[in-house]
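Student: Let's see this in three dimensions:
(one chain, ligands or ions: 1)
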Amino acid sequence: MNAVRVGMVGYKFMGKAHSHAYRDIPMFFPDAPVPVMQAICGRSAEGVGRAAAQFGWAEAVTDWRELVARDDIDLVDINAPSDAHKEIALAAARAGKHLFCEKPLALTLADSRDMLEAAEAAGVKHMIGFNYRFAPAVQLARKLIAEGRLGRIHHFRAVFLQDWIMDPAFPLVWRLDKKVAGSGAHGDLGAHLIDLARFLVGELKEVVGMSETFVKERPLPSSMTGLSAHGSADGATGPVTVDDATLFLARFESGALGSFEATRFAGGHRCTNAFEINGSLGSVKFDFERMNELQVYFTGDDADVQGFRRVLATDPAHAYAEAWWPPGHTIGYEHTFIHEIVELLKSLQENRQPVPNFHDGVLCQAVLEAVERSIAEKRWVSIDEM
Ligand code: SOE
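Tutor: Numbering: from 1, shown residues only. Predicted coordinates for the structure are as follows:
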């Protein structure tokens, strides 16, 4: 397979990130199949038409049902709001298309399982968009752990901190509506932490959580411009139906202990996605705001140089680095999507499932829902219960 014809549903934030990746891949990853940007789909003809022209899609369409049924599409890329994922994925799988779906996979664990089942029944490839795995510094952390260089892992400590809805005048956008988003900071940000935890340390065994919605009523939006939306002028308000912040503790299957904090109320933190892992032989620290770096500590270092050191993950020894610039020339947020989609395209070429796939989406959703159950029932919840 030398070319993959893509049909994409959604054209906002993630639509732009994915489009940018499709455009860059032939230039920097010439060995991957070429993504052909066949058609982009959105509800507003004007909006999607503008996006198609700006992002470089051959065609703009408004009916996703027609799009997923077309013979000239191999892969359906779903980055519409979360409540639309399931219906589109099921129809696309039935039409025999490979699937690429943004996180969280669906609004509920039951829906996620339906999506996995549909993809498996159709025999198509399925990928979920957990892009942070694909930062070279995160891949380095994984390699150090897999090679046993951090020894037995004791702790995984992670935070995803944002502050874009702290102003009570910020409007009730779709991300604050449970019917559309499933949950708030928990599913939007916590899902990434859970995925990183699973990727780096392994499966979680049990969880206990707490959450809060600090601003319970907000102005209705006058424009749905995502993270920079504006409130309505007529003073109409509506209830916030998702969490502003969710925190939880976890025990991993391996016996390691985890702590997770996802919030949109951490003033001053625009997008702090950070973790620290402590093992018997060493530790690593990652902060997405300095995404090219991994702080590394080894207990075996000489006594006079003990301490964390900064490794810049831009050398040929680091994942994906050779495709880019000479050592020391850093990369950014958009590159995580490029690496993720390279994995997807190569999986199609090699006729194997990409990683992470819908199984990972289901397992992440099981943890998200176990935390919600724990909060509702005020108790530890085992992942096996889900
Ligand atoms: C907004 O909170 C958001 O863009 C998330 O939806 C993304 O998944 C995360 O990567 C950054 O923040």
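Student: Going along the chain, name the helices of the stretch 251-386 of the chain.
Tutor: In the stretch 251-386 of the chain, helices defined by DSSP state H, counting those that start in this stretch lie at 333-349, 358-377, listed in chain order.
Student: The shortest one - contacts with which helices or strands?
Tutor: The contact analysis (3 or more C-beta pairs under 8 Å, 6 or more residues apart in numbering; DSSP states H and E) places helix 333-349 against helix 13-28, strand 98-102, strand 126-129. Yep, even glycine has a C-beta here, placed from its N, CA and C like the rest.
Student: closest one to Ala69 among the ones you listed?
Tutor: Of all these, strand 98-102 sits nearest to Ala69, with 14.4 Å by C-beta to C-beta.
Student: Buried residues in the helix or strand following the closest one, which are they?
Tutor: Using DSSP states H and E, the helix or strand that follows strand 98-102 in sequence is helix 109-122. Going by neighbour count (16 or more other C-beta atoms under 10 Å), the buried part of helix 109-122 is Leu109, Asp111, Ser112, Arg113, Asp114, Met115, Leu116, Ala118, Ala119, Ala122.
Student: Next up, the contacts around the residue in the stretch 201-350 of the chain that the ligand sits nearest to.
Tutor: The nearest approach of the stretch 201-350 of the chain to the ligand comes at Cys271, 5.7 Å away (C-beta to the nearest ligand atom). Residues near Cys271 by C-beta atoms under 8 Å, 6 or more residues apart in numbering: Leu161, Gln162, Phe288, Glu289.
Student: Going by neighbour count, which of the residues you listed comes out on top?
Tutor: Leu161 (22 neighbours; other C-beta atoms under 10 Å).
Student: quick one: low-confidence ranges for this protein?
Tutor: Applying pLDDT under 70 to the chain flags residues 223-226, 228, 232-233.
Student: Show me how it divides into domains.
Tutor: 3-132, 136-290+292-331+364-377 (automatic domain parsing).
Student: out of these, nearest to Glu350?
Tutor: Closest approach to Glu350 among the domains of the chain is made by domain 3-132 (10.1 Å; C-beta to C-beta).
Student: end-to-end on that closest one?
Tutor: Using C-alpha to C-alpha, to the nearest Å, one end of domain 3-132 lies 26 Å from the other.
Student: roughly how far out does that domain sit from the chain middle?
Tutor: 15 Å (C-alpha atoms, centre = their mean, to the nearest Å).
Student: Could you do stretch 285-300 as well?
Tutor: That offset, for stretch 285-300, works out to 20 Å (C-alpha atoms, centre = their mean).
Student: do the same with stretch 172-188
Tutor: Worked out by C-alpha atoms, centre = their mean, stretch 172-188 lies 15 Å from the chain centre.
Student: which outside residues touch it?
Tutor: Residues contacting stretch 172-188 (C-beta under 8 Å, 6+ apart): 81-83, 104, 106-108, 160, 162, 165, 211, 213, 218-221, 224, 226-227, 229, 237-238, 240-246, 262-264, 368, 371-372.
Student: Now, the residues you listed that are in strands?
Tutor: Residues of the contacts of stretch 172-188 located in strands (DSSP state E): Phe160, Ser211, Arg218, Pro219, Pro221, Thr237, Gly238, Ala245, Thr246, Ala262, Thr263.
Student: Make a ChimeraX selection of the buried ones in these.
Tutor: Burial among the ones in strands among the contacts of stretch 172-188 is assessed by 16+ other C-beta under 10 Å; the matching ChimeraX selection reads:
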select :160,211,218,219,221,245,246,262,263
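Student: for the residue in the chain positioned nearest to the ligand, helix, strand, or coil?
Tutor: With C-beta to the nearest ligand atom, the shortest gap between the chain and the ligand falls at Asp188, namely 4.7 Å. Assigned with DSSP: H, G, I helix; E, B strand; the rest coil, Asp188 falls in the helix class.
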